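sequence and predicted structure, then a few things I'm wondering about:
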Amino acid sequence: MARPPAPITQADVQRAIRGAMKAGLVIGTVEVTSDGTVRITAAQDAVQVPVENSAPPRL
């Protein structure tokens with residue numbers, strides 16, 4: 001029996017992470033639920049880095 005298509009792909013998660021980082025969010029956790037919802041939570045004790053001086057991590 002073949003698997004059904006994934007509700008979300010790794011590329012979708014990477015796109016969401018990059019978008020959050022471009023918006024200036026310091027990412028604490030990333031959760032993906034079984035229905036395809038991506039929830040990105042900010043780090044609590046992180047210092048925000050200016051967007052123009054920071055490069056996103058390679059994923």
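Perfect, thanks for sending it.

now do the helices in this protein.
10-22 (DSSP state H).

where does it dip in pLDDT?
Within the chain, the ranges that satisfy pLDDT under 70 run 1, 46-59.

the residue sitting nearest the centre point of it and residue 3, how far apart?
With distances taken as C-alpha atoms, centre = their mean, residue 17 lies nearest the centre of the chain, 2.5 Å away. Per C-beta to C-beta, to the nearest Å, residue 17 is found 25 Å from residue 3. C-betas here are computed from N, CA, C, even on glycine.

excluding covalently adjacent residues, which one is nearest to residue 36?
Nearest residue to residue 36, sequence neighbours excluded (C-beta to C-beta, 6 or more residues apart in numbering): residue 7, at 3.2 Å.

residue 17 contacts residue 30, correct?
Yes - if you go by C-beta atoms under 8 Å, residue 17 and residue 30 touch, sitting 6.4 Å apart.

give me the common contacts of these two.
Shared contacts of residue 17 and residue 30 (C-beta atoms under 8 Å, 6 or more residues apart in numbering): residue 40.

please enumerate the strands of the protein.
Using DSSP state E, the strands assigned to the chain run over residues 27-32, 38-42.

with mean neighbour count and distance to residue 11 added, can I get these in TSV?
Shown next, in TSV, are the strands of the chain (neighbours: other C-beta atoms under 10 Å; distance: least, C-beta to C-beta, whole Å):
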stretch	mean neighbour count	distance to residue 11
strand 27-32	12	13
strand 38-42	13	12
